[in-house]
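1. Have a look; sequence and predicted model below, questions after that.
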Amino acid sequence: MTDVEQKQTGYLTQKQRLLALFLNIAIFLILSRTVTNQFIPAAAGQRLWLLSGLGLFFLTLLSAPWFRPPRNALVNSLTSALLLSSLDLSSIATMGMTLNVFRWLAVVLNVTTCICAILAMIFGDADVAQQPKRRYLSVVGYRVSDLFGRGELVFTPPALISILGYYQNVPEQQLWLFFGWAFIILVRPVELTLRLIDEIRSIAIRKDNAQCLGTISRVDNPNIIRVALTSSAAWHSGKVVAACLPNATQVNVLCLFSHTEESQMVGTGLCHGVLSPPIADAVPGTVYAMATPLDAQTLVKELSGYDGGTDLVGFVVEDSNISTIKFEVSPDVPLEEGVLTFCRQGNQTVFYQILDARTAEESFGKNPRGKHVVSAAQLGCLDARKGFVKYGWLPSMNSPVFVPKKPIAFDFTAPQGDEFAVGKVPGSDIIVRAGFSDVLEYHTAILGVTGTGKTELAFDIIRQALALGTKVFCVDFTNEYKARLAANNPQLLGLALKQAAELDQKLFAVETGEYGAKKEKEALKKFVDEIRDPVKKSVEDFLSSEGASLGIFELPEITNTKATLRATELYLSSIMDWARKNRRARRVLVVLEEAHTIIPETMGAGFDSDTQWVVGRISQIALQGRKYGVGLLIISQRTALVSKSILSQCNTCVTFSLVDKTSLDYLSNVYSQAHVQTIPNLRFLEALAYGKAIRSERPIIIKLDYDPAKKKACDALNATLPTDKKEDEQKNDQQTK
Ligand SMILES: Nc1ncnc2c1ncn2[C@@H]1O[C@H](COP(=O)(O)OP(=O)(O)O)[C@@H](O)[C@H]1O
Ligand SMILES: [Mg+2]
């Protein structure tokens, strides 16, 4: 038993026992001197109580204070028996007979103890299986000798006989000695005082230094401890306490959270750094609250390596991998999808974005308790130029996970060169940038249900394009662009009412014509050839003019789908012809609003061969555009209905909330499954962005800034829209919902 264990169980240490032995001997000698006037009484009978007392102290304080081996019991009982039997009681005047009877009874007890001790010693090594009887005798012998071999039992009879028999002449001495024996042997005042001093000292130490909070019930390597708390009030998240680990090292512990387990409170904490100064007298396995603990923020700063202010929210648990980590948090930590977290790996700060959380049960000591396990996808390290850059490894088990406090102290996320801000990482000030050249060069898609902010984002991109001297050609049948982009002097391109009506009529004639509608087809071709030149001319004028300009392609409302497609094809063909001829003289951005109506998915959708041809032609233009500096920006709330061959060419994809399975299935080719699962949960102005143009090497959830001016402009426009258009939109809304 170590000193510490003895202290815990109330035993005195070796040194204290030695001290107690000397003190007790001194007290006995003083008692003897005071009562009898001699330190050691001369007469053998009168001396006996003193010798018995000394024997008792040696037995209980030196040889075996908490465990009596049978040989000790044997020696003591034998000594006592010999002393008692050799006593001459004949000189005792009164009660001689009674004392004699008492003496022999005590001798019998001593002899019994001796026999039992001998049995225990002889059969002590008997095998349980082979010699059960001997084993039994040894155990019984041990128990009896242990019980009757106790110092108080062995040495009290000789002392009593000595006091009662040999001091009859002076009853006062008799009384004092009797009281003295009874008090010192039964109450053990010396040991009691020593123990009390010990306790008072430790209370005093703890008062100005440390107060016990509980005991460690589990250590999860390398640094997580679970503590069975004596008082739950003392365990606050963010508080720093001290722990003396089972290996006796003392560490700082940052409290994370506490929970109930059966009738007990259990606290979870994270150990960090050696405690300085250490707690004197700390017991291994114990946790203490300190009067002057380390500042939690200092500790968190040390752990996170980030001094912009952070909260430690949890720690990494099993099932994590390089792209997605899982971490445990307390159910009451306020976190949500999209929140930015980070871990330290070496001297790198690696960011993760929360995608999901689930509840879990942990059978810690077979007592289930609820906890939340959060999944967060890796964004990587933050680089001034490239944004988030992938990191090639995962944090180790139990690594702490932090959430940076706002505002975040990174000042290098502002757009540079041709970049523009798409949005921010939710709950932070980190700007997510997109490079306009990449938007244009690699085609871009903005997807999501109606009313999530797609068109406003497209407007932002268009404004950026114009600012960078790009020609922007918008195909918009919603009437929004013309009004909302009025400040950018849009040129209206498109067929005149008369031309559109004629085209409409000719297409209809082809559809209904007899004998393969040969005549009608010729008429249509002639008409298209006729209008091709003016279209070409207007496109050329638009593209050749100096500087940036915005062209908006519109059609009169009467046109049907076929005419729309045909006319669009005419214009796009002209743009391509011009671009081909003038090889990258101009950068052109073609914006297709409500793209599902312009480039519908024709596969299996029941379109006739003419329409299929037209869509195929538009697709071709789209696909070849890159070579000639013509980029596509596709906006659609009906992902499932947009031509997949074109969509798959969009290397940048900004996805707002979407719920329909077909669209989500398609998007699982673009994003990981974990990311696709977040798409239906995205809120207003939240989007999942990924691709060439986005300054993040992994998909990232972004939150677009709320701009009241946009809302106002949009609402003002809605008020003036014709009602049938609004109804149309509402119908659309319902379908997509
Ligand atoms: N960044 C923004 N700040 C404020 N309001 C916005 C923002 N983006 C969109 N809105 C508003 O949300 C509504 C839907 O936006 P819109 O871009 O038309 O969505 P979608 O094109 O996806 O249908 C509009 O009223 C618009 O003004
Ligand atoms: Mg829109």
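-> That came through fine. Numbers count the residues shown, from 1 in each chain. Ligands and ions are numbered 1, 2, ... in the order given.
2. From now on I want contacts and neighbour counts done on CA atoms only, so please keep to that.
-> Noted.
3. pLDDT below threshold where in the stretch 251-400 of the chain?
-> 331-332, 360-370 (pLDDT under 70).
4. Helices along that one, start to end?
-> Along the stretch 251-400 of the chain, the segments classed as helices by DSSP state H, counting those that start in this stretch run 296-304.
5. Write out the residues of the stretch 601-737 of the chain neighbouring ligand 1.
-> 704-708, 710-711, 714-715 (C-alpha under 6 Å from any ligand atom).
6. Make TSV from those and add neighbour count and pLDDT to it.
-> Below are these laid out as TSV (neighbours: other C-alpha atoms under 10 Å; pLDDT from 0 to 100):
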residue	neighbour count	pLDDT
704	20	95
705	13	93
706	12	94
707	8	94
708	9	94
710	13	92
711	13	92
714	15	89
715	11	89
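7. Among these, which pair sits farthest apart?
-> Across those, the longest distance by C-alpha to C-alpha is 18.5 Å; it joins 704 and 715.
8. Mind listing residues that contact stretch 448-463?
-> 422, 436, 446-447, 472, 485, 593, 633, 635-639, 655-658, 683-686, 710, 732-733, 736-737 (C-alpha atoms under 8 Å, 6 or more residues apart in numbering).
9. Write the ChimeraX selection for whichever of those residues are buried.
-> Per 16 or more other C-alpha atoms under 10 Å, the buried members of the contacts of stretch 448-463 correspond to this ChimeraX selection:
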select :422,436,446,447,472,593,633,635,636,637,638,639,655,656,657,658,685,686
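10. Which ones among the contacts of stretch 448-463 map onto strands?
-> Here DSSP state E is the test, and those give 422, 446-447, 472, 633, 635-636, 655, 686 as lying in strands.
11. of all those residues, which two lie farthest apart?
-> Spanning the widest gap among these are 472 and 686, at 25.7 Å by C-alpha to C-alpha.
12. Outline the domain layout of the chain.
-> Domain ranges of the chain: 3-196, 209-294, 443-494+553-560+569-608+615-650+707-736, per automatic domain parsing.
13. What's the local residue count around residue 719?
-> Residue 719 is flanked by 10 other residues according to other C-alpha atoms under 10 Å.
14. Ok, residue 383 next?
-> 13.
15. shouldn't it be in contact with residue 389?
-> Yes: the pair residue 383 and residue 389 passes the contact test of C-alpha atoms under 8 Å, sitting 6.6 Å apart.
16. Buried residues, the strand or helix carrying residue 576. List them.
-> Residue 576 belongs to helix 561-581 when assigned by DSSP states H and E. By neighbour count with 16+ other C-alpha under 10 Å, helix 561-581 contains the buried residues 562-580.
17. and what of stretch 486-494?
-> Per 16+ other C-alpha under 10 Å, stretch 486-494 contains these buried residues: 490, 493-494.
18. quick one, what contacts residue 124?
-> When contacts are counted by C-alpha under 8 Å, 6+ apart, residue 124 touches 135, 138-139.
19. Filter those down to the buried ones.
-> Applying 16+ other C-alpha under 10 Å to those flags 135, 138-139 as buried.
20. What is the nearest of the residues you listed to ligand 1?
-> Nearest to ligand 1 among the buried ones among the contacts of residue 124 is residue 139, at 85.3 Å by C-alpha to the nearest ligand atom.
21. hang on, the closest one in a strand?
-> No: according to DSSP: H, G, I helix; E, B strand; the rest coil, residue 139 belongs to no strand; its state is helix.
22. Which residue is it, in the stretch 501-650 of the chain, that comes closest to ligand 1?
-> residue 637 (7.1 Å).
23. Run a quick check on that residue versus residue 597, I expect a contact.
-> No: between residue 637 and residue 597 there is no contact under C-alpha under 8 Å: 10.6 Å.
24. Now do the shared contacts for those two.
-> Both residue 637 and residue 597 lack any common contact, where contact means C-alpha under 8 Å, 6+ apart.
25. burial count for residue 256?
-> Residues near residue 256, counting by other C-alpha under 10 Å, number 22.
26. my guess is it meets residue 241, correct?
-> No: if you go by C-alpha under 8 Å, residue 256 and residue 241 don't touch, sitting 11.0 Å apart.
27. Now the helix or strand containing residue 713 - C-alpha only, CSV.
-> For residue 713, the host element (DSSP H and E) is helix 708-720. Presented in CSV, the C-alpha positions along helix 708-720 are these (Å, rounded to 0.1, in the frame of the first residue of the first chain):
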residue,chain,number,x,y,z
PRO,A,708,-32.3,45.2,-49.0
ALA,A,709,-31.9,47.1,-52.3
LYS,A,710,-32.1,43.9,-54.3
LYS,A,711,-35.3,42.9,-52.5
LYS,A,712,-36.8,46.3,-53.0
ALA,A,713,-36.0,46.4,-56.7
CYS,A,714,-37.4,42.9,-57.2
ASP,A,715,-40.6,43.7,-55.3
ALA,A,716,-41.1,46.9,-57.3
LEU,A,717,-40.7,45.0,-60.5
ASN,A,718,-43.1,42.3,-59.4
ALA,A,719,-45.8,44.8,-58.8
THR,A,720,-45.7,45.9,-62.4
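28. going forward, begin numbering at 609 instead of 1
-> Renumbered: residue one is now 609, and that last one reads helix 1316-1328.
29. Against which helices or strands is it packed?
-> If contacts are counted by 3 or more C-alpha pairs under 8 Å, 6 or more residues apart in numbering; DSSP states H and E, helix 1316-1328 sits against helix 1088-1092.
30. who are the neighbours in contact with the residue of the stretch 1159-1308 of the chain found nearest ligand 1?
-> Nearest to ligand 1, among the residues of the stretch 1159-1308 of the chain, is residue 1293, at 6.3 Å (C-alpha to the nearest ligand atom). By C-alpha under 8 Å, 6+ apart, the contact list for residue 1293 reads 1060-1061, 1264, 1311-1314.
31. can you check residue 1200 too?
-> So residue 1200 contacts 1082-1084, 1206, 1240-1243 (C-alpha under 8 Å, 6+ apart).
32. distance of the nearest residue in space to residue 1038 that is not next to it in sequence from ligand 1?
-> Using C-alpha to C-alpha, 6 or more residues apart in numbering and skipping the chain neighbours, the partner closest in space to residue 1038 is residue 1032 (5.4 Å). Distance from residue 1032 to ligand 1, counting by C-alpha to the nearest ligand atom, to the nearest Å: 12 Å.
33. Share the number of residues neighbouring residue 1032, please.
-> Residue 1032 has 20 neighbouring residues, counting by other C-alpha under 10 Å.
34. correct me, but it touches residue 1304?
-> No: counting by C-alpha under 8 Å, residue 1032 does not reach residue 1304; the two are 12.0 Å apart.
35. Between the two, which contacts overlap?
-> Common neighbours of residue 1032 and residue 1304 are listed as residue 1040 (criterion: C-alpha under 8 Å, 6+ apart).
36. now for the one helix or strand residue 826 maps to, which elements pack on it?
-> Per DSSP H and E: residue 826 is located in strand 818-828. If contacts are counted by 3+ C-alpha pairs under 8 Å, 6+ apart, strand 818-828 sits against strand 832-837, strand 894-898.
37. Which residues outside the following helix or strand past the longest one are in contact with it?
-> Same thing as strand 832-837. Next in sequence after strand 832-837, counting helices and strands by DSSP H and E, comes strand 848-852. Residues outside strand 848-852 that contact it (C-alpha under 8 Å, 6+ apart): 858-863, 883, 890-898, 901-904.
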